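Q: Model the structure of this input:
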Amino acid sequence: MTSGGDLLTTAQAAQAKGLSIRTVQDRVDKGILPAQKIGRDILIKRSDLKFLDARPPRGRPRKVKPEADAKGKAKASAGKAKAGK
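A: Alright, predicted model coming up:
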């Protein structure tokens, strides 16, 4: 167990944030969540739980649509010459 209530195990941190233990362990392994290893236990400062709030985006990023002018047509890029002129 932890002393003083300042340090939490991965299980305690997971329960406090409503996450799985494996998710907390993954965030520690990736360096997102600072932790220290004492013996076989991974301990997390209670003040560092704020790093569990920021969740990485899920899935593929959205495609960026080209800007449209007032008529709804896509603007031609500056590097392309207009055909026929």
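Q: which residue ranges form the helices in the protein?
A: 10-17, 21-29 (DSSP state H).
Q: Report the mean confidence score over the longest one.
A: Translated: helix 21-29. Helix 21-29 shows an average pLDDT of 94 in the prediction.
Q: So for that helix, what gets flagged as buried?
A: Burial within helix 21-29, assessed by neighbour count using 16 or more other C-beta atoms under 10 Å, is assigned to 23, 24, 25, 27, 28. For every residue, glycine as well, the C-beta is placed using N, CA and C.
Q: which non-adjacent residue is nearest the first one?
A: Across the structure, with C-beta to C-beta, 6 or more residues apart in numbering as the measure, the residue nearest residue 23 apart from its sequence neighbours is residue 14 (6.8 Å).
Q: Would you check how far apart that neighbour and residue 48 are?
A: Noted for residue 14: a distance of 13 Å to residue 48, by C-beta to C-beta, to the nearest Å.
Q: Between these two, tell me which one has more neighbours.
A: Residue environment comparison for residue 14 versus residue 48 gives the larger neighbour count to residue 14, 19 against 14, counting by other C-beta atoms under 10 Å.
Q: Residue 21 is in contact with that one, correct?
A: Yes. With contacts counted by C-beta atoms under 8 Å, residue 14 reaches residue 21, the gap being 4.7 Å.
Q: list the residues that contact both of residue 14 and residue 48?
A: Any residue near both residue 14 and residue 48 by C-beta atoms under 8 Å, 6 or more residues apart in numbering counts here, and not one turns up.
Q: thinking again about what came up before, as a markdown table, the buried residues of helix 21-29 with distance to residue 42 would be great.
A: Written out in a markdown table, the entries for those read as follows (distance: C-beta to C-beta, whole Å):
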| residue | distance to residue 42 |
| --- | --- |
| 23 | 13 |
| 24 | 8 |
| 25 | 7 |
| 27 | 11 |
| 28 | 6 |
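Q: of all the residues you listed, which comes closest to residue 8?
A: Looking at the buried residues of helix 21-29 and their distance to residue 8, the nearest is residue 24, at 9.4 Å (C-beta to C-beta).
Q: show me the contacts for the closest one.
A: Residue 24 makes contact with 10, 13, 14, 17, 33, 44, 52, according to C-beta under 8 Å, 6+ apart.
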